[in-house]
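Novice: From the sequence below, what's the structure:
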Amino acid sequence: MKKKVIVSSCLLGNLCRYDGKTKKSTEIIDALKEYEIIPFCPEAPIFGTPRQRISVINIDADNRIITDVTKEDVTQLLEDEINSFIKDNPDANKIILKSKSPSCGFGTTPILNEQRDILHYSNGIAAEIFKKNYKNTKIEDENTYF
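Specialist: The predicted structure follows:
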């Protein structure tokens, strides 16, 4: 039985980013040939592709996911999608996420104030939920994997 790795879909070449593009990493794909790859993107199933950008906005000491144009709070929609994914994929030996993403960034996501100034860098919403649910699984991004 192959080990399982969860990988941000855009790193696998899927056209699922907000701009309809990909961030394909041939190096990651090649390095994971011995794994069962489980693609992950919480945004595309909810909002489609392309879509408006989202950002992590700290409001009253709480990180919320807000759409950039319409200013809609989509935090709960994303949490539900991520938790559904975890329920369907309870085990993983490794997780590789897309850096700087408001969903998948692991320590690299800009956390903004309500004026959209960068306060600091932390985890995107999925990375934070994964960290709590996949406690014994190493989480990396495409820049720290190699």
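Novice: drop to CA atoms for contacts and neighbour counts, all remaining ones
Specialist: Fine.
Novice: Low-confidence bits of this structure, can you list those?
Specialist: The chain contains residues with pLDDT under 70 at 146.
Novice: quick one, longest helix in it?
Specialist: Longest helix in the chain by number of residues (criterion: DSSP state H): helix 75-88.
Novice: so what's Gly48 up against?
Specialist: Cys16 (Cα atoms under 8 Å, 6 or more residues apart in numbering).
Novice: other SSEs contacting the longest helix of the chain?
Specialist: helix 44-47, strand 62-67, helix 125-133 (3 or more Cα pairs under 8 Å, 6 or more residues apart in numbering; DSSP states H and E).
Novice: Against Phe130, how distant is the most centrally placed residue in the chain?
Specialist: Centroid-nearest residue in the chain: Cys104, 2.0 Å away (criterion: Cα atoms, centre = their mean). Applying Cα to Cα, to the nearest Å, the value for Cys104 to Phe130 is 9 Å.
Novice: quick one: the strands in the chain?
Specialist: 3-8, 35-40, 54-59, 62-67, 94-97, 109-112, 118-122, 138-141 (DSSP state E).
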